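K.L.:
test case, fold it:
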Amino acid sequence: MNSTLILRRFVCFNVSSPSSIAPSSKKKSLVFLGSPQVSVNVLEALLDASSASNSSFEVAGIVTQPPARRDRGRKVLPSPVAQFALDKGFPSDLIFSPEKAGEDSFLSALRDLQPELCITAAYGNILPTKFLKIPSLGTVNIHPSLLPLYRGAAPVQRALQDGVKETGVSLAFTVRKLDAGPVIASERFQVDDQIKAPELLSFLFSEGSKLLINGLPSLFDGSAKTNAIAQDDSKATLAPKIAPEEAWLSFDQEAVVLHNKVRAFAGWPGTRAKVEVLDDKSNQQNILELKIITTRVCQDVLIQDDEQDYVAFNEDSLVFPCRGHTALEVLEVQLPGKKVVNAAAFWNGLRGQKLKKL
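P.N.:
Below you'll find the predicted structure:
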């Protein structure tokens, strides 16, 4: 992680040290639930901690999303969590991938494992009450926000879209109400204005795995439940799932708004803009759909009124005039089916043609 992206760490609630886990004759049973690549960091930390000589717990089962079509070949592949577990030699019959977490056959198999604690990290499925009743010590979730802020499916993306200067990760008990359970621990970070969602998401789950490992002693001895802090629902904000149609950029907004959206939607669904290529010699017009990859806000810009509709080039960037006499500098773009190119390469490819915003 580039130190310029995550500037410094702030506050963390006190949790027990993992060294206080006392070995016991019978290891406690833990089940992990997660699906995407960011969940792998958490699973790896749990497996490493469980293999330590003084560990008092074992990962008895893994729950993840069913295999799905991924990558360009559209092959049916297991989730990143399932693939990682298989590569580590985890028994395949202890990796569960129900369509829904409330399926009777799955819940029966889960009861057979007799988990004392369940851990979720970007699992992607709603956990019903009959699931939550199974682990005797409860279910704990790693959530990449400072709860009660940004409850929901896209906390990192919505936080970056809002241009927040601070964010964090929380360890909280899971209840039926979305991301509303008591908070066991949290950690706060200041965020640079260039970091993109995939990088920040990976960082927060990596830090969240450390919170989890440090908090396991208090979770196993029950003190975490006693000391957890109830969330203030009056301060809650929501982070709804991102819709593909949100990807379009509208240059009648200020540049900082668009820049934050590019950072937030990096990875998926990305951000797109339509531009018109004008050839004065032939009077031809061609509309292009550009995927906007990397941007920054132009700090010093003077755009004349008759230039507001046109895109300029300045050293290493395409300069898009925006609302309020602001400008968005686009550093990297991608045409459909093509590779990502820098702004200079794209501009040179225009061969003198003009570029107009749409």
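
K.L.:
by contact count, what packs against the helix or strand where residue 61 lies?
P.N.:
Under the criterion of DSSP states H and E, residue 61 resides in strand 57-63. When contacts are defined as 3 or more Cβ pairs under 8 Å, 6 or more residues apart in numbering; DSSP states H and E, strand 57-63 sits against strand 28-34, helix 37-50, helix 80-87, strand 95-96, helix 104-113. For every residue, glycine as well, the C-beta is placed using N, CA and C.

K.L.:
possible to save these as CSV with mean neighbour count?
P.N.:
Below are these laid out as CSV (neighbours: other Cβ atoms under 10 Å):
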stretch, mean neighbour count
strand 28-34, 24
helix 37-50, 20
helix 80-87, 20
strand 95-96, 19
helix 104-113, 14
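
K.L.:
let me have these in TSV, extended by mean pLDDT and distance to residue 341.
P.N.:
Shown next, in TSV, are the helices and strands packed on strand 57-63 (pLDDT from 0 to 100; distance: least, Cβ to Cβ, whole Å):
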stretch	mean pLDDT	distance to residue 341
strand 28-34	98	35
helix 37-50	97	26
helix 80-87	98	29
strand 95-96	98	41
helix 104-113	98	46
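
K.L.:
what's the closest of the ones you listed to residue 281?
P.N.:
For the helices and strands packed on strand 57-63, the distance to residue 281 is smallest for helix 37-50, at 48.4 Å, taking Cβ to Cβ.

K.L.:
where in the stretch 151-300 of the chain is pLDDT low?
P.N.:
For the stretch 151-300 of the chain, residues meeting the criterion pLDDT under 70 lie at 300.

K.L.:
try it again with 90
P.N.:
279-285, 298-300 (pLDDT under 90).

K.L.:
and residue 237, what does it touch?
P.N.:
By Cβ atoms under 8 Å, 6 or more residues apart in numbering, the contact set of residue 237 is 148-151.

K.L.:
of those residues - the most surrounded one?
P.N.:
residue 150 (26 neighbours; other Cβ atoms under 10 Å).

K.L.:
domain parsing for the chain?
P.N.:
What automatic domain parsing lists as the domains of the chain is 6-235, 244-357.

K.L.:
among those domains, which is the most enclosed?
P.N.:
Mean neighbour count (mean count of other Cβ atoms under 10 Å) peaks for domain 6-235 among those, with a mean of 18.

K.L.:
show me how far that domain is from its chain's centre.
P.N.:
Distance, stretch centre to chain centre, for domain 6-235: 13 Å (Cα atoms, centre = their mean, to the nearest Å).

K.L.:
tell me the helix or strand right after the top strand by length along the chain.
P.N.:
Ranked by number of residues, the top strand in the chain under DSSP state E is strand 284-297. Next helix or strand after strand 284-297 toward the C-terminus (DSSP H and E): strand 312-314.

K.L.:
now do the next helix or strand after that following strand: everything it contacts.
P.N.:
Using DSSP H and E, the helix or strand that follows strand 312-314 in sequence is strand 317-321. Here strand 317-321 makes contact (Cβ under 8 Å, 6+ apart) with 251, 255, 258, 273, 296, 298, 301, 303, 307-313, 327-331, 333, 343, 346-347, 355, 357.

K.L.:
and strand 317-321, which strands flank it?
P.N.:
Here strand 317-321 is paired, per DSSP bridges, with strand 312-314 (antiparallel), strand 327-334 (antiparallel).

K.L.:
with distance to residue 52 and mean pLDDT as extra columns, can I get these in TSV?
P.N.:
Shown next, in TSV, are the strands paired with strand 317-321 (distance: least, Cβ to Cβ, whole Å; pLDDT from 0 to 100):
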stretch	distance to residue 52	mean pLDDT
strand 312-314	55	92
strand 327-334	43	97
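
K.L.:
just put those strands in a markdown table and tack on distance to residue 160.
P.N.:
Listed next are the strands paired with strand 317-321 as a markdown table, based on distance: least, Cβ to Cβ, whole Å:
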| stretch | distance to residue 160 |
| --- | --- |
| strand 312-314 | 25 |
| strand 327-334 | 16 |
